[in-house]
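> Compute the structure for the input listed below.
(2 chains)
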2 protein chains.
Amino acid sequence: MTFRSPVSEYEFMLKHIVGFEDVSATDLFAEASDDMVTAILTEAGKMCDEVMAPLERPGDLNPAYLENGVVRTSPGFADGWRAIAEGGWLGMSAPQEHGGMGLPMTITSAVNEMMSGACLSLQLAPLMSQGQIEALDHHASDALKELYLPKLISGEWTGTMNLTEPQAGSDVGALSSKAVPNGDGTYAVTGQKIYITWGDNDFADNVCHLVLARLPDGVPGTKGISLFLVPKFLPDDNGNPGKANSLKVVSLEHKLGLHGSPTCVMQYDGATGWLVGAEHGGMAAMFTMMNNARLGVGGQGVGIAEAAYQKALAYALERKQGKTPSGGIVDHADVRRMLMEMKADLFASRAILLACAQAIDMSTATGEADCKTRAAFLTPIAKAFGTDTGIRVADIGLQVHGGMGFIEETGAAQFCRDVRVTSIYEGTNGIQAMDLVARKMMDGGEMANRLMDEIEELAERARPTHPNMAEAVWQACESLREATDWLVGQGDLQNRFAGAVPYLRAFARVLGGHYHLMAALADKGGPREKLARFYIKRMLPEHVGLLQHAQEGIEGAMALTLDELAS
Amino acid sequence: MTFRSPVSEYEFMLKHIVGFEDVSATDLFAEASDDMVTAILTEAGKMCDEVMAPLERPGDLNPAYLENGVVRTSPGFADGWRAIAEGGWLGMSAPQEHGGMGLPMTITSAVNEMMSGACLSLQLAPLMSQGQIEALDHHASDALKELYLPKLISGEWTGTMNLTEPQAGSDVGALSSKAVPNGDGTYAVTGQKIYITWGDNDFADNVCHLVLARLPDGVPGTKGISLFLVPKFLPDDNGNPGKANSLKVVSLEHKLGLHGSPTCVMQYDGATGWLVGAEHGGMAAMFTMMNNARLGVGGQGVGIAEAAYQKALAYALERKQGKTPSGGIVDHADVRRMLMEMKADLFASRAILLACAQAIDMSTATGEADCKTRAAFLTPIAKAFGTDTGIRVADIGLQVHGGMGFIEETGAAQFCRDVRVTSIYEGTNGIQAMDLVARKMMDGGEMANRLMDEIEELAERARPTHPNMAEAVWQACESLREATDWLVGQGDLQNRFAGAVPYLRAFARVLGGHYHLMAALADKGGPREKLARFYIKRMLPEHVGLLQHAQEGIEGAMALTLDELAS
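Okay, the predicted model is just below:
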């Protein structure tokens, strides 16, 4: 059993669920015709299935390691990187003038999801480069762009993001790295950074670090932070890697999963860097990168969910136990329940992910504020629900395997280990939820209500053919609206934060019902309608408990003193 | 931060929640006075904290391994085993005539839970021996008892259970191991067994295997299975280990967790064994062992939940991030929510576990059918909810740690890895749920309704002082009653099985509300009342979605064809 990229599923999604025709109808993305998209997804899928998927297990068994200050990558990863680069998948959404493909983020998201399902630890490398390409494209000087973008897009060089410091995790503003002007337009960057994904490798000619640091006149907190491009090797006059910069990999972390992805502690000792964006404007530049990285991480969750589902289904079809029609455990009621839950949530999380990506594309192509707001609103949901689904589906997949699930060679456990960090990095899912109920509701709930209007409109359209399903979605949406009103009415943000995680999950549950209903309408009497019915009748009702939790506020959550918590 | 056994919590539970005074009021357990119980729990807790907890991490880093056919155990585990044996913890509930302590299962469950929290991979060794002691005590001949029980209770010898074969996992009746009479009262046992926990070690003089196999005249299926005691070394005339038996450890599994616990593939090649119990009565004998082993595994989940909670809380108190009253992340609303959920479910799962153990004790002491039925009904709930809680609480604990949670040296990830198998072994949680809705409801739901009567009676008593909490528990119980009626009314068991897992979880949720309400009544205005309020308002509502799922039946669950599942 090997991973098979779900190309036809994306085609269905693009056509029937997320309205990709609106994207290809724009001038900017006019080239993204159905045929071209199919060709691209097929080509990417082939690379994922044939090149990346076979690297997943070796990467786990032979982790990246540090040798004389250089990261040695897992067997085959260098070839995998070259295949990704040669396919053009680093620059999928990058500008064509620098060698990119200029594809919509919707397509990039689908491809990134496939790559994640095939080999998550390797996929992190292109994801980091993509983010850096985007940040430089938006914020770097023309000189930096001309030098770096072609190399990053071709895969000759790789990119990283350096935010976290030991004392500054979720609280980025607490960072203490410094940057001092050298007087020649460059800066001397000094500090230690942790959790640097793919902080080094042995397959690229250069590794380009985007580093957050504070200028001498930078105020404390996030407003005094600037962004610097700090390459491992300083480019010479021809733009080729020259002298080594004053930076090094101190150590690699020993992690629960993602063993093929080196997570580095980086030390910068007066390393030469170039300012990206405005002085003290580092957070803005970083957010360009992080917003889409959040979407990318959501896609990692969906990708692992796909891979875990495929593996669990294959096992359930093959494993004999007791007397059943097919002979396989797939016919046992509880095994089937597990598979259906996996498949139904896989669909829901993927729909939300691609809907968010579509909104980003519409925003990019049209500049309409509504599209931008929609994308911003959906991003934390896509990230948190995508990764929670990845974690949950991988966990159910392990359970489907019974005792074999606990044995590493089966591979089901690796999905659980690898995907586990996705609910933590790029902003924990708790932070995503707080972002949703605070910043994304500074409009008084307007965007939330606009989405809910759409959900109810579709439910109304579905009533004639699917009365029960339509009513269930409509009612769930009404409950969500009440909870939203309650949240928006809370002046004390702590009251929102105490229920933020259950609220976000409830919103995702309702959105999932919405997209499932849409699929049922597109596939009357077909398997998608049956899957939608399963989801709406058995999984959507989870929103009831979640929304009750969401509206309880801070008081009861803080009721125990610290001593009482410990006793 | 090191593990601290929650002795005072057990004292509260015994006194206020599970009615341990009824147990110590029986003749059989008259010795189990409050003082004696406190002394025992304190002594056990000291051993867990000081001897076992320090072995948890080394066991993970230095897994047991196979060397020339012999299992070499993790550093310090031999000393740990001796401490367990010398404390008398192997024979806690064993008969005093053979050197046991004759303690109630309630106390044994508490001690087993502590040991699990301290070092789960080592705790599996005494759990296996306890099960074997019990099985031999109930089913073996006097001669076998006299020879084996003292050695097993003293810890000179260890015990194992051998059920599973590659083709016979959950379907034990499909096993193919054979036993042929040797003509001298012994049998020649041949076959391969997998997943044999602590199948060998280097600290005991002998390893005693209880092996399920089929006699030549055994019918196919479970009714043709017999149980045999097959020692690693054949006892000589003085009862000392003599000639090596014809059995061997073929290999050890490479597992997600529990690296300190050797999981063996065992090969028996005409090994000499002795019949335990009646010919073809192996399943009955095995079930004696398995029922209490299920409770023990539930306790493993609760124990890991305790350990994971302690570690997460310590981290949340210590880790600074942003500006908060205490300076620690414990003051962040979402971190506090996570800790409260952990603590509230820890309480609920422990209460259910100990209530089940108490029912076993009352059944043993009084022989009353009602107690036996109650214990049998609560066992699958205690097993499944205890282990699901262990898995969930460990997962939340990892999340509390943020990025550090993904780094192995933190230890939060190890809890997740170690506890993960508990929802699989001793009957998967799906099988527990099917047992609950089928066998345990063959009485037409009588026992379920008796429990629900008690829940509603308590709720009525609580109304004057806790009207909202009482009403919430009462309403939830009514919903559970409706769902129970629906399930009992389904002649086609498949309709019950399709919703068995959500039904079991809903039952546990309501029971959790019941015990929390009891705690609130015992601690008016105190922290337990506040924790109860958190649980009842924010977590109990989960039952709504679960019960809706539970009553949907088999049809929609099987709606997709196998091809449709794969597409």
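> How about stretch A:41-50 and chain B, any contact?
No - Stretch A:41-50 lies out of reach of chain B by C-beta under 8 Å from any C-beta of the partner chain, never closer than 14.9 Å. The C-beta positions use only the backbone N, C-alpha and C, and glycine is treated the same way.
> In chain A, where is pLDDT below threshold?
A:1 (pLDDT under 70).
> From the centroid of it, which residue is nearest?
The residue lying closest to the centre of chain A (C-alpha atoms, centre = their mean) is residue A:297, at 1.6 Å.
> from the middle of its chain, how far away would the longest helix belonging to chain A be?
Longest helix in chain A, counting residues (DSSP state H): helix A:282-318. Relative to its chain's centre, helix A:282-318 lies at 5 Å (C-alpha atoms, centre = their mean, to the nearest Å).
> For the closest residue to the residue nearest to the centre of chain A other than its chain neighbours, what are phi and psi?
In this structure, residue A:297 finds its nearest non-sequential neighbour in residue A:426, 4.6 Å apart by C-beta to C-beta, 6 or more residues apart in numbering or on different chains. The phi/psi pair for residue A:426 (degrees, to the nearest 10) reads phi 60, psi 40.
> Could you give the number of residues near residue A:426?
27 (other C-beta atoms under 10 Å in any protein chain shown).
> and if you look at residue A:144?
16.
> And chain B, is stretch A:492-506 touching that?
Yes - residues of stretch A:492-506 contacting chain B under C-beta under 8 Å from any C-beta: A:494, A:497, A:498, A:499, A:500, A:501, A:502.
> Quick one, which of those are buried?
A:497, A:498, A:499, A:500, A:501, A:502 (16 or more other C-beta atoms under 10 Å in any protein chain shown).
> residues of the biggest strand by length in chain A that come out buried?
In terms of residue count, the longest strand belonging to chain A (DSSP state E) is strand A:263-276. For strand A:263-276, a neighbour-count test (16+ other C-beta under 10 Å) marks A:263-268, A:270-276 as buried.
> Output those as a markdown table; include the columns distance to chain B.
Output for the buried residues of strand A:263-276, formatted as a markdown table (distance: C-beta to the nearest C-beta, whole Å):
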| residue | distance to chain B |
| --- | --- |
| A:263 | 8 |
| A:264 | 13 |
| A:265 | 11 |
| A:266 | 15 |
| A:267 | 18 |
| A:268 | 19 |
| A:270 | 27 |
| A:271 | 23 |
| A:272 | 28 |
| A:273 | 24 |
| A:274 | 28 |
| A:275 | 27 |
| A:276 | 24 |
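> State the pair within the residues you listed that is farthest apart.
Spanning the widest gap among the buried residues of strand A:263-276 are A:263 and A:275, at 26.6 Å by C-beta to C-beta.
> circling back to that earlier point, using a markdown table, lay out the residues of stretch A:492-506 next to chain B together with distance to residue A:359 and secondary structure.
Listed next are those as a markdown table, based on distance: C-beta to C-beta, whole Å; DSSP: H, G, I helix; E, B strand; the rest coil:
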| residue | distance to residue A:359 | secondary structure |
| --- | --- | --- |
| A:494 | 30 | helix |
| A:497 | 25 | helix |
| A:498 | 28 | coil |
| A:499 | 25 | coil |
| A:500 | 21 | helix |
| A:501 | 23 | helix |
| A:502 | 24 | helix |
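> Now tabulate these in JSON lines and tack on distance to residue B:447.
Conversion of these to JSON lines gives the following (distance: C-beta to C-beta, whole Å):
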{"residue": "A:494", "distance to residue B:447": "44"}
{"residue": "A:497", "distance to residue B:447": "43"}
{"residue": "A:498", "distance to residue B:447": "38"}
{"residue": "A:499", "distance to residue B:447": "36"}
{"residue": "A:500", "distance to residue B:447": "40"}
{"residue": "A:501", "distance to residue B:447": "36"}
{"residue": "A:502", "distance to residue B:447": "33"}
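> just those residues now: which is nearest chain B?
Nearest to chain B among the residues of stretch A:492-506 next to chain B, counting by C-beta to the nearest C-beta, is residue A:497 at 3.7 Å.
> Just list the residues touching the nearest residue to that closest one once chain neighbours are set aside, thanks.
Take residue A:497 and drop its neighbours on the chain: the residue closest to it by C-beta to C-beta, 6+ apart is residue B:333, 3.7 Å away. Residues near residue B:333 by C-beta atoms under 8 Å, 6 or more residues apart in numbering or on different chains: A:494, A:497, A:498, A:500, A:554, A:557, A:558.
> Double-check the first one against residue A:554; I have them as touching.
Yes - counting by C-beta atoms under 8 Å, a contact exists between residue A:494 and residue A:554, whose distance comes to 4.1 Å.
> Using the three-state scheme, assign residue A:227.
strand (DSSP: H, G, I helix; E, B strand; the rest coil).
> quick one: contacts for the residue nearest to residue A:430 when sequence neighbours are not counted?
Counting by C-beta to C-beta, 6+ apart, residue B:334 is the residue found nearest to residue A:430 once chain neighbours are left out, at 3.9 Å. By C-beta under 8 Å, 6+ apart, the contact list for residue B:334 reads A:430, A:433, A:434, A:497, A:498, A:500, A:501.
> Residue B:334 is in what secondary structure piece?
helix B:333-366 (DSSP states H and E).
> relative to helix B:333-366, how tilted is the helix or strand following that helix?
With elements assigned by DSSP H and E, the helix or strand that comes after helix B:333-366 is helix B:369-400. Using axes from the mean of the first three to the mean of the last three C-alpha atoms, to 10 degrees, the direction of helix B:369-400 lies 160 degrees away from that of helix B:333-366.
> re earlier: how about the helix holding residue B:334: buried residues?
B:333-366.
> how far off helix B:282-318 does it point, in degrees?
Inter-element angle recorded for helix B:333-366 and helix B:282-318: 150 degrees (by the same axes, to 10 degrees).
> any idea how far helix B:333-366 is from the chain center?
12 Å.
> And stretch A:239-258, by the same measure?
With C-alpha atoms, centre = their mean, you get 23 Å for stretch A:239-258.
> same deal with stretch A:42-62?
19 Å.
> start to end distance for that stretch?
30 Å (C-alpha to C-alpha, to the nearest Å).
> got the buried residues for it?
In stretch A:42-62, counting by 16+ other C-beta under 10 Å, buried: A:44-45, A:47-49, A:51-53, A:55-56, A:59-60, A:62.
> next one: stretch A:32-45
A:32, A:37, A:40, A:41, A:44, A:45.
> now stretch A:176-195
A:177-179, A:186-195.
> Please determine whether it lies in contact with chain B.
Yes - shown here: stretch A:176-195 in contact with chain B (C-beta under 8 Å from any C-beta) through A:194, A:195.
> from the chain's centre, how far out does that stretch sit?
29 Å.
> first to last residue in it, what's the distance?
16 Å.
> And stretch A:232-252, by the same measure?
Per C-alpha to C-alpha, stretch A:232-252 runs 17 Å from first to last residue.
> Need the residues that contact it.
For stretch A:232-252, the surrounding residues in contact (C-beta under 8 Å, 6+ apart) are A:64-66, A:69-71, A:147, A:151, A:192, A:199-200, A:205-209, A:230-231, A:262-272.
> in the stretch 101-250 of chain A, which spans are helices?
For the stretch 101-250 of chain A, the helices defined by DSSP state H, counting those that start in this stretch occupy A:105-118, A:120-139, A:142-154.
> Quick check: phi and psi on residue A:28?
phi -60, psi -40.
> How about residue A:74?
Here residue A:74 shows phi and psi, under degrees, to the nearest 10, equal to phi -60, psi 150.
> Could you give the number of residues near it?
Residue A:74: 24 neighbours (other C-beta under 10 Å).
> Quick check, it in contact with residue A:203.
No - Residue A:74 lies out of contact with residue A:203 (C-beta under 8 Å); the separation is 10.8 Å.
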